[in-house]
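Q: using only what follows, build the 3D model:
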Amino acid sequence: MPKIITRDNIADYLQDGALILPADAVVTTEAQAWAAQQGYTLPKPDPSQDPQRAVVSVLGKDRVGIIAGVANVLADHNVNILDISQTTMQGFFTMIMLVDIKGCTISFAALNKRLAERGHELGVRISAQREEVFHYMHRI
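A: This is a model prediction of the structure:
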């Protein structure tokens with residue numbers, strides 16, 4: 001799993017006046033801005049190594065067609081489902097999907113809006129977060 005480098009922890013990677021980051025590091029925009037202000041040059045990421053994944057969560061009252069409705073929105077915009085976990089607990093439907101958004105044909109904001117709209121149509125709440133944001137927000 002890549003190491004998330006934030007504005008709060010980027011200074012921890014200073015060694016002998018140089019910024020040394022792990023090879024699999026994901027650097028937030030704020031951390032990149034701080035590094036630039038301090039005069040450090042970060043290596044350009046290799047786009048072919050960027051997984052560009054997102055976590056999609058669905059919560060609501062169970063009904064027929066929820067999985068199909070979410071999957072259709074993703075397929076319509078060339079988003080690949082990498083992993084999926086769903087369960088129904090006492091009439092409530094929950095689902096988490098890990099999706100590849102590298103080939104998405106619309107912006108991430110537009111995809112999130114379209115998923116929310118479909119959720120409204122289905123009577124559930126659907127949200128998507130980029131994987132690196134999800135990891136950063138849920139770190140221990």
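
Q: and G119, how far is that from Y40?
A: Distance, G119 to Y40, by CB to CB, to the nearest Å: 42 Å. Every C-beta, even on glycine, is put in place using the N, C-alpha and C of the backbone.

Q: between those two, which has more neighbouring residues?
A: Per other CB atoms under 10 Å, whichever of G119 and Y40 has more neighbours is G119, with 20 against 16.

Q: give me the nearest residue to the more buried one, chain neighbours excluded.
A: I126 (3.5 Å; CB to CB, 6 or more residues apart in numbering).

Q: surely that neighbour meets K113?
A: No. Using CB atoms under 8 Å, I126 makes no contact with K113, being 10.5 Å away.

Q: which one of those two is surrounded by more residues?
A: Neighbour count, other CB under 10 Å: between I126 and K113, I126 has more, with 24 against 13.

Q: now do the SS call for that one.
A: Taking DSSP: H, G, I helix; E, B strand; the rest coil as the rule, one finds I126 in the strand state.

Q: list the contacts for it?
A: For I126, the contact set (CB atoms under 8 Å, 6 or more residues apart in numbering) comprises V56, S57, V58, V70, L115, A116, R118, G119.

Q: which residues in the chain form helices?
A: Ranges of helices in the chain, per DSSP state H, are 29-37, 66-76, 108-122, 131-137.

Q: what mean pLDDT does the last one get?
A: For helix 131-137, mean pLDDT rounds to 68.

Q: quick one, which of the contacts of I126 are buried?
A: V56, S57, V58, V70, L115, R118, G119 (16 or more other CB atoms under 10 Å).
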